[in-house]
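Q: can't give you the sequence, but here's the structure:
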């Protein structure tokens, strides 16, 4: 009995390794990106090989998860979706009830490992919206938009309360993109955006003081030279001093001399910009744009509405990471905890992102058959 | 046509795919726009402003360094310093600059002795800190250590002697359970704290007032901008924004009263709390035995901690706040008041005490303290002689719901709201409590009501709760949350009192009820009835004010044999009893209410009573004499009087309702 289980497992392992069902251009672009990420991390982490090794191990794990996910057909995923969504929401509630204190309130301790249910939500959110819209008549009308709004608001609210504004933003964006891609009328989008603009003062009222401080610090970084203001000033100096061609690999003085805090995680893109200059920035942005474009291409080729919306939303939310992190590092946006995908050091978000790409591979493998 | 499609909810798959295609292109266009904006920003920084930032990068030799604020000091009510900051030196290590940590530690250990506790704490902290942040290795260096390190400093790059302020508690154990202590910030604290506010701070209030007033005591860090060389050493200080020190605290406790209260226990485990009924200010709060909080400031050694933790007398337990015990007869004055306020009794209503009380129709007997009873008693004698039968019957007549509602209003069964953290709620017996805690047998029995009436059964009360309830009663029913901190002060400024308004209007409906219970409690001190619990103890002798009080002797085990009645040895009884005493004075216009508890005392009046009295004596001395101008005393007893009080009650007759025919003396059998 155990023997058969084992042989079946090995057969499955051999199959996903020898006959991967992946989209080669996307896989190639991801490999390049991971390589750039590791190189940058090596420099930003003061040539710490252990740090780079740990990140590389996560990439390998993520790669295996891509191969595994690519074997799960979208129809199966669709059947699981409501359960996955409900499960992640329950976990978020548990974290909200059990978690305490700043930072500690995001984690769920499973004994052997800790993980953030909010990370799970980054994937289950677009899945849920796609699942809901899949059988509906599209473009969606107010009723369906309202339902989707509630589906987004509950987990996003729970995450924002942790407080983790960055992840809340990513989760809501993923859901909103699915709605956008389903063809929601432009005038409805405009109306909602206008209403959201009207809500800004109310949101300001409900923000934590430290969140308000971050926005105020962004406008006037010199007001907080010890905290976030320091990050912003030093980050801008790093970016600006890089110039067009950069200072060169391992030549960035800002991070080498410890002027730039968090230089392996949230602010690693400042190190990249300092060392590789505007040319490097443009190159990596082109790479990101290619990945997003390829995701949308896979989405267009997809067989049904669910797969289309899911693939499109995953691809577009990738953009949010890049835009928010790139904007934060250059002082365009306030400091929120959003990593630069595949470049920032840190386990969970990199693995989640790669699992998302695994879903895309599966959608690609089950694409429409052209006749 | 469109309507028809809508009604049938017909899905146009091909149309949807086309719609998606259009949206995907639109979305991609927007994304390219966004990435374009990003590129624009980088062009702005890297091309247009490149020269400026390149210059700033080259000249970037200025680093901010946090200056931690000095922690607020803590004084007693007369300005005696209870928690101080003293300058000290510690050894710090920057992990990043150490090539071989273990080799360095071995070498360093030859210069400055490092014990295992230092190393354990260091390695623990090392794991939690970033590599470029310095980690303290050894606190409180001696001058010898500093001198020896100075000579060898060149051998240890990355290791430095750093000055800092360390918390010190000059009175050591005396305030350990009130002020608590600060200790090193740990990983859990780092998760919880605002990092900007705690930059450079190494210690945080761990328990006691140090914890509850952390926000006020901590202050705000400042910073200095240092010009640093390429290897990170400070060349010049460019600018200093000084830190804002924390506020100082003034306690309402008088250090001399606190000391006397602690000494009165002579080391026997117990607790005492004294509260000013007029405003809720805590005048003394002791828990015996206690410990030296200074041990915890820099991390207690494991040997010391083990000794404290395994001590059978539990010096780490704050008995005043967290020692919950059956209150015994100390609840009887409150029971009596409940009877009067609910109109179930008048002060003269009497009951016959025969030694045993039976619930009508039941065979189980409930004992009196006196084996054959004390005869006919009214409210006054019931309090004076602590007659169980009176309160058994009263509890039955009131019913458990009214008993627990009334006791709840005096704060039993819930935290008093004192500003020292960690107090227990205790247990106030009620139907609801039993249903919640005994799901297998949730029903409430009359027998449980009976023993609730004498403070036994499920009851659990902390000394603080009893002092709080007594102070609320003594202050004519006006409830104040107990407060240990009286005022706060900015450095160099006069103390500003903290507001502590009453939690509500007076709980007492009729002041005659208050007077009757008060009179009964005075009889406990001055009564000379043969069965009086205070008889022979003479707790009021030589005190210029009238004292009102009540003893409590709670049994820890139920009596299973007659041994209890035969064995009169103090040691045997102390092992079975918890001794309580509550008293307040002046009886007519109370200014101090005290509750004392001896964990193993034979009798309330004989063992816990004198402790309470000693507290009153010192309190009186510290008041500056017996008769302040604004509180003229009607009938001061001469200090030289050694004779027991002639008669009872001895209070000013004009102040109390004229006792009628069944006054206490008359009801004596």
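A: The structure has been received and is ready for your questions. Source: prediction; values computed, not measured. Numbers count the residues shown, from 1 in each chain, chains lettered A, B, ... in the order given.
Q: Checking residue B:82 next. Helix, strand or coil?
A: strand (DSSP: H, G, I helix; E, B strand; the rest coil).
Q: That one reaches residue B:167, doesn't it?
A: No. Counting by CB atoms under 8 Å, residue B:82 stays clear of residue B:167, with 11.0 Å between them. Heads up, the C-betas are built off the backbone N, CA and C, glycines and all.
Q: Can you pull out the low-pLDDT segments for the stretch 251-371 of chain A?
A: Counting by pLDDT under 70, the stretch 251-371 of chain A contains low-confidence ranges at A:256-258, A:347, A:369-371.
Q: interface residues of it facing chain B?
A: A:253-254, A:257-259, A:273, A:277-278, A:281-282, A:285, A:288-289, A:292-293, A:296, A:299-300, A:305, A:308-309, A:312, A:316, A:319, A:322-323, A:326-327, A:330-332 (CB under 8 Å from any CB of the partner chain).
Q: ok, 6 Å please
A: In this structure, the stretch 251-371 of chain A approaches chain B at residues A:258-259, A:278, A:281, A:285, A:289, A:292, A:296, A:300, A:305, A:308, A:312, A:316, A:319, A:323, A:326, A:330, A:332, judged by CB under 6 Å from any CB of the partner chain.
Q: Now do the shared contacts for residue B:82 and residue B:167.
A: Among the neighbours of residue B:82, none is also in contact with residue B:167 (CB atoms under 6 Å, 6 or more residues apart in numbering or on different chains).
Q: Show me which residues of the stretch 1-150 of chain B are close to chain A?
A: Checking the stretch 1-150 of chain B against chain A by CB under 6 Å from any CB, the hits are B:9, B:16, B:19-21, B:23-24, B:27-28, B:31, B:34-35, B:38, B:41-42, B:45-46, B:49-50, B:53-54, B:56-57, B:60, B:64, B:132.
Q: ok, and for stretch A:237-250, which residues are buried?
A: Residues A:237, A:238, A:239, A:240, A:241, A:242, A:243, A:246, A:247 are the ones in stretch A:237-250 that count as buried (16 or more other CB atoms under 10 Å in any protein chain shown).
Q: so of the residues of the stretch 1-150 of chain B next to chain A, which ones are in strands?
A: The strands, defined by DSSP state E, take in residue B:64 from these.
Q: buried subset of the residues of the stretch 1-150 of chain B next to chain A?
A: Using 16+ other CB under 10 Å as the threshold, B:16, B:19-20, B:23-24, B:27-28, B:31, B:34-35, B:38, B:41-42, B:45-46, B:49-50, B:53-54, B:56-57, B:60, B:64 are the buried ones among these.
Q: Do a quick rundown of the strands in the stretch 251-400 of chain B.
A: B:270-275, B:282-288, B:351-353, B:356-358, B:365-367, B:375-377 (DSSP state E, counting those that start in this stretch).
Q: Rounded mean pLDDT for the helix or strand where residue B:250 lies, please.
A: Assigning secondary structure by DSSP states H and E places residue B:250 in strand B:248-251. Mean pLDDT, strand B:248-251: 94.
Q: and it, what other elements does it pack with?
A: Judged by 3 or more CB pairs under 6 Å, 6 or more residues apart in numbering or on different chains; DSSP states H and E, strand B:248-251 is in contact with strand B:485-489.
Q: For the strand it packs on, what is the distance to the chain centroid?
A: Remark: strand B:485-489 is offset 16 Å from the chain centroid, using CA atoms, centre = their mean, to the nearest Å.
Q: Direction included, what does it pair up with?
A: If you go by DSSP bridges, strand B:485-489 pairs up with strand B:248-251 (antiparallel), strand B:496-497 (antiparallel).
Q: about what we covered before: any residues touching the strand holding residue B:250, and which ones?
A: Outside strand B:248-251, the residues that reach it (CB under 6 Å, 6+ apart) are B:72-76, B:213, B:484-489, B:495.
Q: of the residues you listed, closest to residue B:448?
A: residue B:484 (35.4 Å; CB to CB).
Q: Burial check on the nearest residue to that closest one once chain neighbours are set aside, number of neighbours?
A: Nearest non-adjacent residue to residue B:484, counting by CB to CB, 6 or more residues apart in numbering or on different chains: residue B:282, 4.6 Å away. Using other CB atoms under 10 Å in any protein chain shown, residue B:282 has 28 other residues around it.
Q: how close does residue B:282 get to residue A:167?
A: Residue B:282 sits 46 Å away from residue A:167, going by CB to CB, to the nearest Å.
Q: repeat for residue B:511
A: 62 Å.
Q: between these two, who's got more neighbours?
A: Higher neighbour count among residue B:511 and residue A:167: residue A:167, with 24 against 13, using other CB under 10 Å.
Q: Quick check: the residue of the stretch 201-350 of chain A nearest chain B.
A: Nearest to chain B, among the residues of the stretch 201-350 of chain A, is residue A:240, at 2.6 Å (CB to the nearest CB).
Q: List the contacts of that residue.
A: B:45, B:46, B:49, B:50, B:53.
Q: change it to 10 Å
A: A:270, A:273-274, A:330-331, B:42, B:44-57 (CB atoms under 10 Å, 6 or more residues apart in numbering or on different chains).
Q: Now go through those and say which are in helices.
A: Within the contacts of residue A:240, residues falling in helices by DSSP state H are A:270, A:273, A:274, B:42, B:50, B:51, B:52, B:53, B:54, B:55, B:56, B:57.
Q: closest to residue B:458 among these?
A: residue A:270 (63.8 Å).
Q: Just say helix, strand or coil for residue A:259.
A: Classified using three-state DSSP, residue A:259 is coil.
Q: May I ask which two of the buried residues of stretch A:237-250 are separated the most?
A: Going by CB to CB, the pair spanning the buried residues of stretch A:237-250 furthest: A:237 and A:246, at 14.2 Å.
Q: Would you map the helices across chain A?
A: Under DSSP H, chain A gives helices at A:2-18, A:24-44, A:49-69, A:74-98, A:117-133, A:142-160, A:165-181, A:186-206, A:209-219, A:228-242, A:253-256, A:268-300, A:305-329, A:347-365.
Q: Repeat that for the stretch 1-150 of chain B.
A: B:2-8, B:13-43, B:50-58, B:101-111, B:116-128, B:143-152 (DSSP state H, counting those that start in this stretch).
Q: and the angle from the longest one to helix B:50-58?
A: Put plainly, it is helix B:13-43. Following axes from the mean of the first three to the mean of the last three CA atoms, to 10 degrees, one obtains 70 degrees for the angle between helix B:13-43 and helix B:50-58.
Q: chain center to helix B:13-43, what's the gap?
A: The mean C-alpha position of helix B:13-43 is separated from the chain mean by 62 Å, CA atoms, centre = their mean.
Q: Repeat that for stretch B:597-616.
A: 21 Å.
Q: Just want the residue of the stretch 351-500 of chain B that's nearest chain A.
A: residue B:421 (15.9 Å).
Q: now that residue, nearest residue through space, not along the chain?
A: residue B:212 is the one closest to residue B:421 (CB to CB, 6+ apart), at 4.7 Å.
Q: likewise residue B:173?
A: Per CB to CB, 6+ apart, closest to residue B:173 is residue B:290, 4.2 Å.
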